[in-house]
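[1] Output the structure for:
(one chain, ligands or ions: 1)
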Amino acid sequence: MSDRAPLSNWLEESRAKLARAELSPQAEPVGWVARVADGIVQITGLPDAALGALLQLESGAYAFAQSLDPEVINAVLLDEGAAVEVGDRVSDTGEVLQAPVGEALLGRVVDPLGRPLDGQPAPKTEARLPIERPAPEIIERDLVAEPLETGILVVDSLFALGRGQRELIVGDHATGKTSLGTDAIINQKSSEVICIYVAVGQRASAVERVVAAVREHGAPERSIFVAGLASAPPGLQWIAPFAAMSMAEFFRDRGQDVLIVIDDLTLHAATHRELALLTREPPGREAYPGDIFYLHARLLERAAKLSPELGGGSITALPIAQTDAGNLSAYIPTNLISITDGQIVLNTHLFSANQRPAVDVGLSVSRVGGKAQKPALRAVSGRVRLDYAQFLELEMFTRFGGISNTRVKAQITRGARIRALLTQPRYSGLRLADQVALLAALADGALDAISPEAIPELRAQLPGWLDAQATEAVGEVAQSGELSDECRAELVAAVRALAKGFARGVVQSDEEDG
Ligand SMILES: Nc1ncnc2c1ncn2[C@@H]1O[C@H](COP(=O)(O)OP(=O)(O)OP(=O)(O)O)[C@@H](O)[C@H]1O
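    Purely as a prediction, here's the structure:
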């Protein structure tokens, strides 16, 4: 009897505790891996998961829901070599896939999820944003009216870019596409623009070259390198441009200007096709799924100039696309050409003829940037395009025989000089005043006395020479963006004086000039 008293006390206490307990049942969405192959996991038992939901597998690996069926979810793995087995538990994190954003990413090389690839500690980012975000509404946008200077004469004078523009860089393999994008990033050294380079499906060594070039010549402290490397799971490559766009939007929303180079969308399209085929989406033209246009349109629409009420920030996008045998009418290049506000076409023959950047001026176009061009540059670049186009046509005829007409001869020598001017080595961006001085001098015949072969050396010496000989004009053009008659005269006189040395065959060094 005495043994039973403690037991009944305990029972009573427990009953009282249970009565007091507030039970709030919690359901945790849990699914199971039904199939796993080629970076794709098929999951059953998560009927409420959202498209793009971030899912965590039993091994700790992450995947995101790429397509939803009533019975099964196709999710793309985001972790390399994740040990996934059939029957593993999968939980829905309740979040859509997000990318870390913030200033801590500046100067860093990271994967699309913000994990470091540069051997340094993980960046301490202050916020996260979904990788898929809506593009700004029409009412939220402003006109593209401010130039984004690339420092590359052929681009800035003939196909000027504006902040908030999307301009495709398109060309065959090894025609200088990456170099053009990298040079545009490097030239932002003298601006306040934040730069993001996104590699999709590239080799690590190629990304390393870009990082090294920006670190040596540009402003790495204002640049972010996001790499979805060829060796990374296709899921990571797929999200890379979207994650990078969210990283760009963080700065845009603070009123800053951002330049994003996406290298390249042809490989991104191939990754999208690979994932779509693995998840058994119906293949369309060239086996790409039906949403391939929408995929890139919704990505690139996010690059825009915001209205002053929203801070006036901008994202300028330079997506890159690769062609085969110069075929611009292939599926992906035509899609991208119709999504963007223009294209810079790079030509293999020009590249082999050492005319670099190998920009095909006949096929390239900038649909909005011209309006954003600084008045000083607009004033002097008007004729160049026409003169150059005429020269290219005339040059073809000269191949069939000698030219006796002096006017035609003059046009050809002038064209050859324009070609020499538009040929520009890497890492040698020109300032606005340098570009204006060169084109004004060309128009006024100040370069007529020198041979096209001497032009590269003249161009190399020009910035230092102008700083010394036309200080006021350089300052005025840089500050106002306008070109007064006095300024123009001062700049042309300075170029004429520099050209004199070359005309005599004497290459003056800066010290001699000083
Ligand atoms: N303006 C230039 N002057 C001199 N060399 C250049 C110039 N632009 C590019 N190059 C050289 O051309 C080569 C190919 O350039 P790049 O890698 O940029 O081409 P790509 O089209 O991006 O190649 P891929 O198809 O492999 O992506 C590089 O060695 C680069 O240094």
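
[2] which SSE is Ile412 in?
    helix 406-422 (DSSP states H and E).

[3] so how far is the next helix or strand after that helix off the chain centroid?
    As assigned by DSSP H and E, the chain's next helix or strand after helix 406-422 is helix 432-443. Centroid displacement of helix 432-443 relative to its chain, using C-alpha atoms, centre = their mean, to the nearest Å, is 28 Å.

[4] Distance of the residue nearest to Gly370 when sequence neighbours are not counted relative to the ligand?
    Closest residue to Gly370 apart from its sequence neighbours, by C-beta to C-beta, 6 or more residues apart in numbering: Ala160 at 5.6 Å. C-beta here means a position set from N, CA and C on the backbone, and glycine is covered the same way. Distance of Ala160 to the ligand, computed by C-beta to the nearest ligand atom, to the nearest Å: 18 Å.

[5] One more: Ala358?
    8 Å.

[6] And the pLDDT for the nearest residue to Ile455 once chain neighbours are set aside?
    Excluding the flanking residues, the one nearest Ile455 by C-beta to C-beta, 6+ apart is Ala420, at 3.9 Å. Ala420 carries a pLDDT score of 92 in this model.

[7] circling back to that earlier point, quick check: the residue nearest to Gly370 touching Gly382?
    No - using C-beta atoms under 8 Å, Ala160 makes no contact with Gly382, being 11.9 Å away.

[8] These two: which is more packed in?
    Shown here are Ala160 and Gly382; by other C-beta atoms under 10 Å, Ala160 has more neighbours (25 against 13).

[9] helices and strands around the host helix or strand of Val474, which ones?
    Here Val474, judged by DSSP H and E, is contained in helix 471-480. The contact analysis (3 or more C-beta pairs under 8 Å, 6 or more residues apart in numbering; DSSP states H and E) places helix 471-480 against helix 432-443, helix 455-469, helix 485-503.

[10] Switch the ones you listed over to TSV; also include mean pLDDT.
    TSV is the format used below for the helices and strands packed on helix 471-480 (pLDDT from 0 to 100):
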stretch	mean pLDDT
helix 432-443	92
helix 455-469	90
helix 485-503	88
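
[11] for Ala446, what are its contacts?
    Val492, Val495, Arg496, Ala499 (C-beta atoms under 8 Å, 6 or more residues apart in numbering).

[12] Need the three-state assignment for it.
    coil (DSSP: H, G, I helix; E, B strand; the rest coil).

[13] Could you measure from it over to Ala437?
    Computed as C-beta to C-beta, to the nearest Å, the Ala446 to Ala437 distance reads 9 Å.

[14] Give me the buried subset of the contacts of Ala446.
    Val492, Val495, Arg496, Ala499 (16 or more other C-beta atoms under 10 Å).

[15] For Met396, give me its contacts.
    Counting by C-beta under 8 Å, 6+ apart, Met396 has no contacts.

[16] who touches stretch 197-208?
    109, 178, 181-182, 185, 210-211, 214, 223-231, 237, 240-241, 244, 260-265, 267-268, 270-271.

[17] Alpha carbons only: can I get it in PDB?
    This file holds the C-alpha atoms of stretch 197-208, laid out as PDB (Å, rounded to 0.1, in the frame of the first residue of the first chain):
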ATOM      1  CA  TYR A 197      31.500  39.900 -64.000                       C
ATOM      2  CA  VAL A 198      29.500  36.600 -64.200                       C
ATOM      3  CA  ALA A 199      31.100  33.500 -65.600                       C
ATOM      4  CA  VAL A 200      28.700  30.800 -66.700                       C
ATOM      5  CA  GLY A 201      30.200  27.500 -67.700                       C
ATOM      6  CA  GLN A 202      33.700  28.900 -68.100                       C
ATOM      7  CA  ARG A 203      37.000  27.300 -67.200                       C
ATOM      8  CA  ALA A 204      38.500  28.400 -63.900                       C
ATOM      9  CA  SER A 205      41.600  29.500 -65.800                       C
ATOM     10  CA  ALA A 206      39.600  31.900 -68.000                       C
ATOM     11  CA  VAL A 207      37.900  33.400 -65.000                       C
ATOM     12  CA  GLU A 208      41.300  33.700 -63.300                       C
END
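
[18] quick one: that stretch to chain centroid distance?
    On the basis of C-alpha atoms, centre = their mean, stretch 197-208 sits 12 Å off its chain's mean C-alpha point.

[19] And for stretch 342-357?
    Using C-alpha atoms, centre = their mean, the offset of stretch 342-357 from its chain centre is 19 Å.
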